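> Give me a model of this one.
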Amino acid sequence: MLHPSYTDLINAVNSGVEPGEEPVVQSRYSIVIATAKRARQLIAGEEAMVYSNGKKPLSVAVEELYESKVKILSEDDTGDGDLENTDSLAETAAEEQQNA
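Here you go, the predicted model:
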């Protein structure tokens with residue numbers, strides 16, 4: 001049995017969606033793609049947002065999504081679908097304002 005389940009993970013990822021808006025994640029496939037992408041980022045050297053002593057990158061990625069440490073951005077937000085650390089959202093917004 002997977003911990004958390006796909007349903008729990010989808011609900012956690014979509015918890016920030018306003019009523020009436022389309023959920024970011026609608027299928028298991030989307031969760032698999034998002035966790036695989038985040039696991040590749042971790043393998044490439046990005047720092048984990050959760051305690052990861054000895055855990056495999058995919059397990060860390062699932063835990064980060066479940067705890068909302070990483071946000072899945074829809075294709076409308078980024079152009080190609082992407083992941084973003086929730087801690088860096090404010091930094092990104094500040095950088096965009098400085099560049100404008």
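
> Give me the distance between the closest residue to Arg38 other than its chain neighbours and Asp8.
Of all residues not flanking Arg38 in the chain, Ala61 sits nearest, at 3.8 Å (C-beta to C-beta, 6 or more residues apart in numbering). From N, CA and C alone the C-beta is placed, and that goes for glycine too. To Asp8, Ala61 is 15 Å away according to C-beta to C-beta, to the nearest Å.

> So which of those two has more stuff around it?
Ala61 (28 against 12; other C-beta atoms under 10 Å).

> which regions of this protein lie under the pLDDT threshold?
1-2, 74-100 (pLDDT under 70).

> do that again at 50, thanks
1, 87-98, 100 (pLDDT under 50).

> Which elements pack onto the longest helix seen in it?
Scanning the chain for the longest helix, with DSSP state H as the assignment, gives helix 28-43. With contacts defined as 3 or more C-beta pairs under 8 Å, 6 or more residues apart in numbering; DSSP states H and E, helix 28-43 has these neighbours: helix 6-13, helix 57-66, strand 70-73, strand 82-85.

> Helix 57-66 and the first one, what's the angle between them?
Helix 6-13 and helix 57-66 meet at an angle of 50 degrees, taking axes from the mean of the first three to the mean of the last three C-alpha atoms, to 10 degrees as the criterion.

> returning to that earlier point: for Glu46, find the nearest of the helices and strands packed on helix 28-43.
Ranking those by proximity to Glu46 (C-beta to C-beta) places strand 82-85 first, at 8.2 Å.
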